[in-house]
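A.B. asks: turn this into a model:
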Amino acid sequence: MKTAKKYNLSEEDVDRIVEMAWEDRTPFDAIEYQFGMPEKDVIQLMREAMKLSSWKMWRKRVQGRATKHLKKRNFTEGRHKCSRQRSISNNKISKR
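C.D. replies: Purely as a prediction, here's the structure:
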């Protein structure tokens, strides 16, 4: 794969990038921060690593998705937090 060689990525790195790109809530910015690979190169890597039909399905799903782009998210924190989630200090479950 040209893109993997360009960034000197191991097979494990490529697998992790594909996994992160496939997840709906992981933004492209997180991949760029962790691996130094901008969105356009992640898309190219996905194209090289996947079957054409799988890539088309992924691309259609991801294109324009707000959760994949930090600037398009409608919540300000880095990740979504459920309003019913207790803060750590109010957690009634003991840690084992």
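
A.B. asks: any low-confidence regions in this protein?
C.D. replies: 69-96 (pLDDT under 70).

A.B. asks: ok, how many other residues are close to Leu52?
C.D. replies: By other C-beta atoms under 10 Å, 8 other residues sit near Leu52. The way it works is simple: take the backbone N, C-alpha and C, and place the C-beta from them, glycine included.

A.B. asks: meant to ask about Asp24
C.D. replies: If you count neighbours by other C-beta under 10 Å, Asp24 ends up with 10.

A.B. asks: skip the chain neighbours and tell me the closest residue to it.
C.D. replies: Leaving out its chain neighbours, the residue that sits closest to Asp24 by C-beta to C-beta, 6 or more residues apart in numbering is Thr67, at 5.6 Å.

A.B. asks: now the one you found: how far from Leu9?
C.D. replies: Distance of Thr67 to Leu9, computed by C-beta to C-beta, to the nearest Å: 24 Å.
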